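Asker: Sequence and predicted structure are below.
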Amino acid sequence: MPQGPADPLAWLAVAAFVAAVLAEARDRRTARFVAAGAWVLFAVFWLALIPQFLLVEKSAIEGVLSALGVPASLSAAYLLYRGRESLLVITRGVAVMGLIYLPATTIPWLYGPLVETTTAQVDFLIRLAGYDPMVTAGDKGLRNTFVFTTGGHRYETFIILACTGLGSMAIFAGVIAAVRAPLRRKLAALALSVPVIWVLNLVRNAFIAVAFGKQWFQVAVPQLTALFGIPPGDEGLVSFYLADKVLAQSASVAALLLITYPVVRVLPELATVLDDALYVLTHREFQVAETLGLDDDGQTEPTTPEPGPVGPARDDD
C-alpha cells in the first residue's frame, strides 16, 4: 500500500471498518449498513490507487488488482446491504489488516526498525549468494539502500515499507483473527503463514536487488523502455521493472495462493471466508471445504442457507 494521495482514504475506510466491528457487538443489522458504507469507501480507495500503480509505479499487476478491487468492494457493499451477514467476518478481517498495516506507515518507531531489519536480513542473503553490495543510508536517514556498481554505473535499490512483506502478513493475520476458532489453531495458522511470508519476502528483495544491480534482464530494451515509460538515460531500469513488477510480483501472488492451502487445512474456519470472497467476485456459491476435502468434524461451524434476493445468506459466526 503506497503512501500518497490515497492515504486519507485508507484511514477513513479502516475507521469505517472498525466502526462496523464495534456496531456488530450491539446490533448486526446496523453493523451490516455500516460495513456496506465501509466497503464503498474501500472501493473509492482502490480506484484512487489505480493511477498510482499504473502510471507512477509502472506495476501492471498491482494496477489490475486495484481495478478489480473496485467492483469487488462494491459487490461486498451491495451484498451486505441486501442481507448477507456472513460478510461481516471479512469486514472484521479488513479492519484488523488496516490496524496492523496503517500505523507502520506513519509511526517512525515502527517504520524505521521494520525497514532496517528487513534490509539487514536481505543483505545477509545477498552476501550468502556471493555478492557484495554497499549498504548506505537513504530515505529518512534509514540504512535501507543497496548499491551495486556494474559496468561503471551505480544502481541503487531501496527497501521501503512495501518491501517488508507486512501487507501480505497483515492479510493472513486479519482473516485468521476474524474467524471464531480455538486460539491454539489460530496460532498454528499464524505460525504456518507469517514466517513463510517473511522468508519468501527476503528472497524476493534479494532477487530484485541483485537482478537490478547486476543488470540481469537488459532484454528488448527499446521496447520495454517505451512500455514502462522509462526516460532516456535510465535504460538500466529495465532490469528492475522486469525483476520487480513482472517476475517477483507474479511469484508473490502465486506464493500467497499456495500458502493459503495449508493454512486452511490447519484452520478450516477460513474456508467459509473463501466461500464468501468467491461469492463476492462471482455471485456463485462455492464450498471450499468440500473441494479441499476437509472433514466436517466440528471444526467448522455449520451454515444454513436462507432464501434471499441475492442468494443464500450464511452466518458462520
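Answerer: Nice, thanks for sending it over.

Asker: how deep is the closest residue to V264 other than its chain neighbours tucked in, by neighbour count?
Answerer: In space, V264 comes closest to L270 once its chain neighbours are excluded; the distance is 4.8 Å by C-beta to C-beta, 6 or more residues apart in numbering. Backbone N, C-alpha and C define where each C-beta goes, glycine included. L270: 26 surrounding residues under other C-beta atoms under 10 Å.

Asker: Who are the contact partners of L270?
Answerer: Applying C-beta atoms under 8 Å, 6 or more residues apart in numbering to L270 gives the contacts 175-176, 179, 189, 263-264.

Asker: could you pull out the strands for this protein?
Answerer: Ranges of strands in the chain, per DSSP state E, are 134-137, 143-150, 153-158.

Asker: Most tightly packed of the ones you listed?
Answerer: Sort the strands of the chain by mean neighbour count, taking mean count of other C-beta atoms under 10 Å, and strand 143-150 sits at the top with a mean of 18.

Asker: With only the CA atoms kept, save stretch 127-141 in PDB.
Answerer: The C-alpha atoms that make up stretch 127-141 are tabulated as PDB, following Å, rounded to 0.1, in the frame of the first residue of the first chain:
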ATOM      1  CA  ARG A 127      26.200 -11.900   0.700                       C
ATOM      2  CA  LEU A 128      25.400 -15.600   1.200                       C
ATOM      3  CA  ALA A 129      24.800 -15.800  -2.500                       C
ATOM      4  CA  GLY A 130      28.300 -14.400  -3.100                       C
ATOM      5  CA  TYR A 131      27.600 -10.700  -3.900                       C
ATOM      6  CA  ASP A 132      29.000  -7.700  -2.000                       C
ATOM      7  CA  PRO A 133      26.800  -4.600  -2.400                       C
ATOM      8  CA  MET A 134      27.400  -1.400  -0.400                       C
ATOM      9  CA  VAL A 135      24.600  -0.700   2.100                       C
ATOM     10  CA  THR A 136      24.000   3.000   2.700                       C
ATOM     11  CA  ALA A 137      21.500   5.400   4.300                       C
ATOM     12  CA  GLY A 138      18.700   6.500   2.100                       C
ATOM     13  CA  ASP A 139      15.100   7.700   2.700                       C
ATOM     14  CA  LYS A 140      14.600   9.300   6.100                       C
ATOM     15  CA  GLY A 141      18.200   8.500   7.100                       C
END
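
Asker: how many other residues sit next to the residue nearest to Y131 when sequence neighbours are not counted?
Answerer: Nearest residue to Y131, sequence neighbours excluded (C-beta to C-beta, 6+ apart): V210, at 5.6 Å. Neighbour count of V210, defined by other C-beta under 10 Å: 22.

Asker: so V210 touches I126, yeah?
Answerer: Yes: contact criterion C-beta atoms under 8 Å: V210 and I126 qualify, at 6.1 Å.

Asker: In stretch 251-265, which residues are buried?
Answerer: Neighbour counts over stretch 251-265 (16 or more other C-beta atoms under 10 Å) mark 252, 255, 259-260, 263-264 as buried.

Asker: Send me it as CSV with only the CA atoms.
Answerer: The C-alpha trace of stretch 251-265 is given here as CSV (Å, rounded to 0.1, in the frame of the first residue of the first chain):
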residue,chain,number,x,y,z
ALA,A,251,5.7,-15.1,-7.9
SER,A,252,4.3,-13.3,-4.9
VAL,A,253,0.7,-13.8,-6.0
ALA,A,254,1.3,-17.4,-6.7
ALA,A,255,3.1,-17.9,-3.3
LEU,A,256,0.1,-16.3,-1.4
LEU,A,257,-2.3,-18.7,-3.1
LEU,A,258,0.0,-21.7,-2.3
ILE,A,259,0.3,-20.7,1.3
THR,A,260,-3.5,-20.4,1.6
TYR,A,261,-4.0,-24.2,1.2
PRO,A,262,-2.0,-25.5,4.2
VAL,A,263,-3.3,-22.6,6.3
VAL,A,264,-6.9,-23.6,5.6
ARG,A,265,-6.1,-27.2,6.4
